[in-house]
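[1] Here is my input; please provide its structure:
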Amino acid sequence: MNKHHESTGPAGEQQITLRGPAELADALPYLMGFYPNDSVVMVALHGGRGRFGGRLRLGIPQAPGEWGPVSDQLAECLISGSERREGRPDAIVIFLCQDSPDGSDGRRTMERLRPFAQRLRTACGALDVPVLEALCISDGRYWSYCCPDPRCCPDQGNPLAMPGTTVMAAAATYAGVHVRGTLRDMEARLQPWRTPVDVTTQQEALDRAMPELVPRLLDERARREVATETLRLARTLMERIEASRPAPPALADAGDDQVIGSDEAAAVILGLQDRETRDKAAAWMEGAEAQSALRLWRALARRCVGRYGEHAAAPLTLAGWVSWSTGDEPGARVALTLALRADPDYTFAQLLHRACNEGLDPEALRRCLREATDVVVDEEAASGAGSPEAVVDIAADRGATPLHIRTVRPLPDGGRRRGRAPRPPGTERGKTAPGSVRPRTPAAGRRPREARRYGRRGTRTRR
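    Presented below is the predicted three-dimensional model:
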């Protein structure tokens, strides 16, 4: 067994010393704020006592052919990001977390992932940072890829400690650190409905709202009226949600779904596709209204079903923003990751994801939103430093590449974002020349629809 000590805080603060793989494995969910299933997690260590520093998580690539390039990029991201914040790490700890399909053969999972672990160790070593420990966590057991001694690290692995029974669990409870369940559980609260009846009902409501709202949103005067209606309806739904009884997350989500009608959800979802309306809604970020707003954004994200999946980028980004603003960074990262999965080009989600990963203080954006009492009308002001996206972008540009695989492209023209053409639900993406209009070709078997990106002429509200 590799004997070593990792403390959970900097000098001067209360510290917890972890000894060996067992305590490292137990500490992982407290480091991340959730149980990272199907994930590779890398944690930087600093100083002679191995203080925990930056950490990085990515879903384990399914294709072994991707393990080499992914390993190189993960090592580079973690080490370069650590250098910008706390200095070059002295060592790295790696966790590979994945259960077997039937939950009974963790050892086979461990062996299958062994080449990935070795490739990660090699990538870190190539950058002159050693891997102190590499663990596989599967089916309630853990294995060390670094320890060859079967007396402490047997072939069948070691069982994980019972939740809540370790020193780390006690210290986390005392410090108010909560584990939010598994990553899969957190994502499930934000993913679209799958029950056929519910999907059909909500999609039909969205289909009815589209031809009514889109022409109004493309008209400057009517668009402001729609913005007012959208925010008023969203506030009404928040009041309904706030009036409901407290319940565990799963029951609370079901209760929130019940108090929101399909037509009401469709109207707010489509209204939030307007950037200025979305930015006004982002002001519900603090105090008592933050939690009801967060529950509303989650509920609306679950309503973006079928061909309206891309529409989820707006409520998911708002959910990520409220989570980040209220101190729930793990929840923010999950929501923003799903927003970028729904629409990889959604600029506000890109900027928030980057800023959150860079460890920036959300107060700059909160201050901007507090001061923005009126919807920005002038196009010049919308792309200037007073807009929420510009504030996040300026703050994020103080750092470099964030600690995640997605690369955020730099802004042209000193931070000014030029408009892009709208795209209806279901259309394929394609690269075009700068300034050109993307062809809006519906996917096979779908009738053409009005564009879902609404706003002023020359702008694109998807951001």
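[2] Residues contacting the lengthiest helix in the chain, please?
    In the chain, taking DSSP state H as the definition, the longest helix is helix 220-243. With Cβ atoms under 8 Å, 6 or more residues apart in numbering as the test, helix 220-243 has contacts from 213, 215-217, 256, 259-260, 264, 267-268, 271-272, 274, 276-277, 280-281, 284, 288-289, 291-293, 295-296, 299, 375, 454-457. The C-beta positions use only the backbone N, C-alpha and C, and glycine is treated the same way.
[3] Quick one: mean pLDDT for stretch 126-140?
    Throughout stretch 126-140, pLDDT has a mean value of 94.
[4] first vs last residue of it, how far apart are they?
    Distance across stretch 126-140, first residue to last, is 32 Å (Cα to Cα, to the nearest Å).
[5] Show me the strands in the chain, by range?
    5-6, 18-19, 39-46, 51-59, 91-97, 131-138, 141-144, 158-159 (DSSP state E).
[6] Make CSV out of these and add distance to L28 and mean neighbour count.
    Output for the strands of the chain, formatted as CSV (distance: least, Cβ to Cβ, whole Å; neighbours: other Cβ atoms under 10 Å):
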stretch, distance to L28, mean neighbour count
strand 5-6, 11, 20
strand 18-19, 10, 18
strand 39-46, 7, 24
strand 51-59, 10, 20
strand 91-97, 6, 25
strand 131-138, 7, 24
strand 141-144, 9, 23
strand 158-159, 14, 14
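[7] out of the ones you listed, nearest to R194?
    Judged by Cβ to Cβ, the one of these that comes nearest to R194 is strand 51-59, at 20.2 Å.
[8] related to what we said a few turns ago, tell me the buried residues in the longest helix of the chain?
    223-224, 226-227, 229-231, 234, 237-238, 240-241 (16 or more other Cβ atoms under 10 Å).
[9] And stretch 112-123, by the same measure?
    Neighbour-count burial for stretch 112-123 [16+ other Cβ under 10 Å]: 112-113, 116-117, 119-121, 123.
[10] Out of the residues you listed, which sit inside helices?
    Applying DSSP H to these, the entries found in helices are 112-113, 116-117, 119-121, 123.
[11] Out of the residues you listed, the closest to R245 would be?
    Among these, and counting by Cβ to Cβ, the member closest to R245 is L113, at 43.9 Å.
[12] got a list of what that closest one touches?
    Contacts of L113 (Cβ under 8 Å, 6+ apart): 60, 96, 98, 136.
[13] Was I right to think the first one contacts L96?
    Translated: I60. Yes: if you go by Cβ atoms under 8 Å, I60 and L96 touch, sitting 6.8 Å apart.
[14] For H353, see how far away P61 is.
    Separation of P61 from H353 (Cβ to Cβ, to the nearest Å): 20 Å.
[15] One more: V259?
    Taken as Cβ to Cβ, the span from V259 to H353 is 30 Å.
[16] Same check on L127?
    To H353, L127 is 24 Å away according to Cβ to Cβ.
[17] same check, this time on T236
    Distance, T236 to H353, using Cβ to Cβ: 30 Å.
[18] cool, S39 as well?
    Going from S39 to H353 by Cβ to Cβ gives 17 Å.
[19] on that earlier part again, which among the ones in helices among the buried residues of stretch 112-123 gets closest to M32?
    The shortest approach to M32 among those belongs to L120, at 17.3 Å (Cβ to Cβ).
[20] Quick check, that closest one in contact with P69.
    No: contact status for L120 versus P69: not in contact, 11.9 Å apart, counting by Cβ under 8 Å.
[21] hang on, the earlier thing: which stretch among the strands of the chain approaches L340 most closely?
    strand 51-59 (13.0 Å).
[22] a markdown table for the buried residues of helix 220-243, including pLDDT and distance to Y346?
    Formatted as a markdown table, the buried residues of helix 220-243 follow (pLDDT from 0 to 100; distance: Cβ to Cβ, whole Å):
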| residue | pLDDT | distance to Y346 |
| --- | --- | --- |
| R223 | 90 | 20 |
| R224 | 91 | 23 |
| V226 | 94 | 20 |
| A227 | 93 | 19 |
| E229 | 95 | 23 |
| T230 | 96 | 18 |
| L231 | 96 | 20 |
| A234 | 96 | 19 |
| L237 | 96 | 23 |
| M238 | 95 | 23 |
| R240 | 94 | 28 |
| I241 | 93 | 25 |
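[23] Now render the residues you listed as TSV, adding distance to G48.
    Below are the buried residues of helix 220-243 laid out as TSV (distance: Cβ to Cβ, whole Å):
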residue	distance to G48
R223	60
R224	61
V226	60
A227	57
E229	61
T230	56
L231	54
A234	53
L237	54
M238	51
R240	55
I241	50
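[24] Closest to L318 out of those residues?
    A234 (9.9 Å).
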